[in-house]
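1. for reference, the sequence and a predicted model appear below.
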Amino acid sequence: MLHRIRNCSKFENMHKMKGVVEADETYVGGKNRNRHHDKKYKKVQGRSYKDKVPVFGLIERGGKVMARVVPSVKAEDLQPIICGTVELFSTVYTDEWGAYHGLGLTFDHSIVNHGRKQFENGDAHTNTIENFWGNLKRGIIGVYRVTSRKHLQKYLNEFVFKYNTRKSKPMESLLHLLSNLKGTKKTYRELVNC
């Protein structure tokens, strides 16, 4: 049943964004040291995603969030998502990660340099999207304990739906979900195999 609900909530993860938008990437997955000895990965540290799943997100200040599982956090994977989701000439705030270089040609782009312990640069910061990442990871650890790579996007859809409807009353959120169920009918086998 929860797979069906998560599948239905994916419509909330497809909004266009404008104004001030924060972009950030994160990795979802357990720590290598906590794995059973036969499931540990060799030679992983830092931004290695042999053992974790890269996830990319955008959040509109005072608005909605969007989060997607991505193949990597390279510019060729992240910049098309930004350009396809954020309206031209909007303001985009990111950290210093190299995949964001060149966004200044299309957007008003400002950077905060976390490597130098800079967490805000005037109005530029990525605290809002990092707050969402914290809630996502606490939700996975505290509620679900384990999520597989295969189904992680569905869990992201659920958390995006919860975030985007956080100010709605429970009945309003339910009606919003039910009013957007077009084309989501799938068999159980289709749900768990995608």
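-> Arrived safely, thanks for sending. The shown structure was predicted, so the numbers you read here are calculated from the model rather than taken from an experiment.

2. contacts only, for N13.
-> 66-68, 156-157, 160-161 (C-beta atoms under 8 Å, 6 or more residues apart in numbering). Every C-beta, even on glycine, is put in place using the N, C-alpha and C of the backbone.

3. flag the shaky bits of this protein, pLDDT-wise.
-> 1, 3-4, 30-50, 181-186, 188, 191-194 (pLDDT under 70).

4. who's the most centrally placed residue in it bridged to?
-> Averaging the C-alpha coordinates of the chain gives a centre point, and the residue nearest to it by C-alpha atoms, centre = their mean is A67 (2.6 Å). Beta-bridge pairing for A67 (DSSP bridges): G57.

5. OK, contacts around it?
-> By C-beta under 8 Å, 6+ apart, the neighbours of A67 are 13, 55-57, 132, 136, 156, 159-160.

6. E96 now?
-> 111-115.

7. quick one, helices of the chain?
-> Assigned by DSSP state H, the chain shows helices spanning 2-8, 75-85, 127-139, 152-164, 170-178, 188-193.

8. look up how far N121 lies from the residue nearest to L136 when sequence neighbours are not counted.
-> Take L136 and drop its neighbours on the chain: the residue closest to it by C-beta to C-beta, 6 or more residues apart in numbering is F159, 5.0 Å away. Distance of F159 to N121, computed by C-beta to C-beta, to the nearest Å: 28 Å.

9. which of these two has more residues huddled nearby?
-> F159 (21 against 12; other C-beta atoms under 10 Å).

10. distance of the more buried one relative to R189?
-> 25 Å.

11. from the contacts of E96, which is closest to L152?
-> L152 has its nearest neighbour among those in H114, at 24.2 Å by C-beta to C-beta.

12. test my guess that the closest one contacts D95.
-> Yes: the pair H114 / D95 is scored as a contact, 5.1 Å apart, by C-beta atoms under 8 Å.

13. phi, psi of D123?
-> Main-chain torsions, D123, degrees, to the nearest 10: phi -80, psi -10.

14. so who does it touch?
-> 20, 93, 110.

15. show me what contacts the last one?
-> S110 makes contact with 91-94, 121-124, according to C-beta under 8 Å, 6+ apart.

16. now do 7 Å
-> 93, 121, 124 (C-beta atoms under 7 Å, 6 or more residues apart in numbering).

17. just the ones of the residues you listed in strands?
-> Using DSSP state E, Y93 are the members of these that sit in strands.

18. and which of the contacts of S110 is nearest L103?
-> The nearest member of these to L103, counting by C-beta to C-beta, is Y93 at 10.1 Å.

19. what's the distance between the closest one and N127?
-> Separation of Y93 from N127 (C-beta to C-beta): 10 Å.
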